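Colleague: model the structure of this input:
(chains A, B, C and D)
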Protein chains: 2
Amino acid sequence: MTGEAGTDSGAAAVDGVLAALADPTRRKLLDLLAARGEVSATALAERLPVTRQAVVKHLAVLDAAGLVSGHRVGREVRYEVRPAALDATARWMVALAADWDRRLATIKRLAEAAEAAEAADAAEGDDGRG
Amino acid sequence: MTGEAGTDSGAAAVDGVLAALADPTRRKLLDLLAARGEVSATALAERLPVTRQAVVKHLAVLDAAGLVSGHRVGREVRYEVRPAALDATARWMVALAADWDRRLATIKRLAEAAEAAEAADAAEGDDGRG
DNA sequence: CCGTCGTGCAACCTCCTGGTTGCACCATCA
DNA sequence: TGATGGTGCAACCAGGAGGTTGCACGACGG
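Modeller: Next up is the predicted model:
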């Protein structure tokens, strides 16, 4: 079901990304991953004020959103950032912002035109022209 | 005066916007506002499957994030979208995505260099020494 | 002036989310 | 083979977010 907003660049994926990005701990996690490359959940947990399990849950959310991916190396799982989903969401947001600006400009123009027409109409009725 | 005037293009404002955007009902609300211009909470509630009170709460969140603003007109309060905060967040996200790409490229290059060095070192120890 | 419409506040409820602990399992290394 | 370190799963908990209802108050129109 597409066609909600005119600016559609993968709206389905955007939902997950926005939800994932809403949490500051997850953003910190992404920051850590972006800075350090491939990191295991345990290593990440050491850099955060939460337990490994909490980190694992966050990583699951981020993975579901397509923001990270993990692959097994021996007995540990290394996670890394996935720019594609973030990039798509960024583009979506830029398009949305542009859309807002455009709509806002249009609406304001219409409002002003309506106001002017009203004023002209009132003047016409008041002046008794016709 | 809950709206913030986007002084810094940093994490503080972005945090609120992302949290606000994470909720689908709020996105729908923004969509409605962007499409219709100035709308009251009651009018918005009629287009959504929630009560007016729920809409008001969402509008409060959006206002706190700087995404909308409301002004009183007679006995009703008209809300409208505020592109500035969204635009700033979009820019932040674009920059972040670019950063990820850059860091990722750097890390991969370093990893490959390290691998090569390691291989060379091993070769040196194996072949060159003795 | 009185009825109505829209708002604002407050109490309350439910469910989801972020977080923890405990434990079992598997891979690695001495 | 046994100790260790990392993972995965499940139960459990607290708090907050989204939502509702009820009511009081201010603005508008007849």
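
Colleague: give me the phi and psi for A:Val39.
Modeller: Phi and psi for A:Val39, reported as degrees, to the nearest 10, are phi -130, psi 150.

Colleague: please name the bridge partners of it.
Modeller: A:Tyr79 (DSSP bridges).

Colleague: okay, and A:Ser69 sits in which element?
Modeller: strand A:68-73 (DSSP states H and E).

Colleague: any idea how far A:Ala41 is from B:Ala64?
Modeller: 33 Å (Cβ to Cβ, to the nearest Å). C-beta coordinates here come from the backbone N, C-alpha and C atoms, glycine included.

Colleague: got the contact list for the strand holding A:Ser69?
Modeller: Outside strand A:68-73, the residues that touch it by Cβ atoms under 8 Å, 6 or more residues apart in numbering or on different chains are A:Leu30, A:Leu33, A:Glu38, A:Leu59, A:Leu62, A:Asp63, A:Val77, A:Arg78, A:Tyr79, A:Glu80, A:Val81, A:Arg82.

Colleague: coming back round to it: out of A:Ala41 and B:Ala64, which sits in the busier spot?
Modeller: Neighbour totals were compared for A:Ala41 and B:Ala64, and A:Ala41 leads with 21 against 16 (other Cβ atoms under 10 Å in any protein chain shown).

Colleague: contact partners for A:Glu38?
Modeller: A:Val73, A:Arg78, A:Tyr79, A:Glu80.

Colleague: likewise A:Arg103?
Modeller: Neighbouring residues of A:Arg103 by Cβ under 8 Å, 6+ apart: B:Ala34, B:Ala35, B:Gly37, B:Val81.

Colleague: and the second one, how many neighbours?
Modeller: By the other Cβ under 10 Å criterion, the neighbourhood of B:Ala35 contains 16 residues.

Colleague: just to revisit the earlier point, so which of the contacts of A:Arg103 sit within helices?
Modeller: Among these, the ones falling in helices (DSSP state H) are B:Ala34, B:Ala35.

Colleague: of the contacts of A:Arg103 - the most surrounded one?
Modeller: Sorting the contacts of A:Arg103 by how many neighbours each has (other Cβ under 10 Å) puts B:Val81 first, at 29 neighbours.

Colleague: A:Leu104 is in contact with that one, correct?
Modeller: Yes: the criterion here is Cβ atoms under 8 Å, and B:Val81 meets it with A:Leu104 at 6.6 Å.

Colleague: got a pLDDT number for the nearest residue to A:Arg27 once chain neighbours are set aside?
Modeller: What sits nearest to A:Arg27 in space, not counting adjacent residues and going by Cβ to Cβ, 6 or more residues apart in numbering or on different chains, is A:Leu21, at 6.3 Å. With respect to pLDDT, A:Leu21 scores 98.

Colleague: before we move on, back to that, how about the strand holding A:Ser69: buried residues?
Modeller: A:Val68, A:Gly70 (16 or more other Cβ atoms under 10 Å in any protein chain shown).

Colleague: average pLDDT for it, rounded please.
Modeller: Mean predicted lDDT for strand A:68-73 stands at 97.

Colleague: try stretch A:30-49
Modeller: 96.

Colleague: how far does it sit from the chain's center?
Modeller: Distance of stretch A:30-49 from the chain centroid (Cα atoms, centre = their mean, to the nearest Å) equals 23 Å.

Colleague: cool, and stretch A:57-71?
Modeller: With Cα atoms, centre = their mean, you get 16 Å for stretch A:57-71.

Colleague: that stretch near DNA strand C at all?
Modeller: Yes: looking at stretch A:57-71 against DNA strand C by Cβ under 7 Å from any atom of the strand, the contacts come from A:Lys57, A:His58, A:Val61.
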